[in-house]
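K.L.:
turn this into a model:
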Amino acid sequence: MGQVLGFPSVDPDDVRIGARLRRWRTQRHVELDALAEAIHLTPEDVRLIEAGRRHLTTAQLGAATHALHLPLWALVSDTPAY
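P.N.:
Okay, here's the model as predicted:
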């Protein structure tokens with residue numbers, strides 16, 4: 001499937017990471033605004049990340065796992081890495 005002219009394609013990894021971020025955030029009862037503040041983004045940016053429409057940088061990924069009290073693997077994989 002091609003990309004529509006003028007619209008960026010969606011990275012499947014960003015979609016998976018965004019879904020995991022949303023799942024962990026809701027399971028941990030962390031408000032979207034609080035997570036946005038912790039990773040120095042706007043709430044709209046976090047919504048886009050959770051929807052898989054925006055990429056998390058390595059620093060933001062680390063800040064998100066720290067804010068949610070998670071190991072790094074929790075956002076990048078569904079399989080624990082010990």
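
K.L.:
now do the buried residues in the particular helix or strand that has A74 in it.
P.N.:
Element membership for A74, per DSSP states H and E: helix 73-76. Judged by neighbour count (16 or more other Cβ atoms under 10 Å), helix 73-76 contains these buried residues: A74, L75, V76. Quick note: C-beta positions are derived from backbone N, CA and C, even for glycine.

K.L.:
tell me the contacts of the last one?
P.N.:
With contact set as Cβ atoms under 8 Å, 6 or more residues apart in numbering, V76 has these partners: I17, R20, L61.

K.L.:
around P71, count how many other residues there are.
P.N.:
P71 has 11 neighbours, counted by other Cβ atoms under 10 Å.

K.L.:
got the confidence number for the residue most central in space within the chain?
P.N.:
By Cα atoms, centre = their mean, the chain has its centre lying nearest to G18, at 3.7 Å. Per-residue pLDDT puts G18 at 97.

K.L.:
got the CA positions of the helix holding A74 in CSV?
P.N.:
Taking C-alpha atoms only, helix 73-76 is exported to CSV below (Å, rounded to 0.1, in the frame of the first residue of the first chain):
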residue,chain,number,x,y,z
TRP,A,73,11.7,-3.3,27.1
ALA,A,74,8.1,-2.6,28.2
LEU,A,75,7.6,0.0,25.5
VAL,A,76,9.6,-1.6,22.7
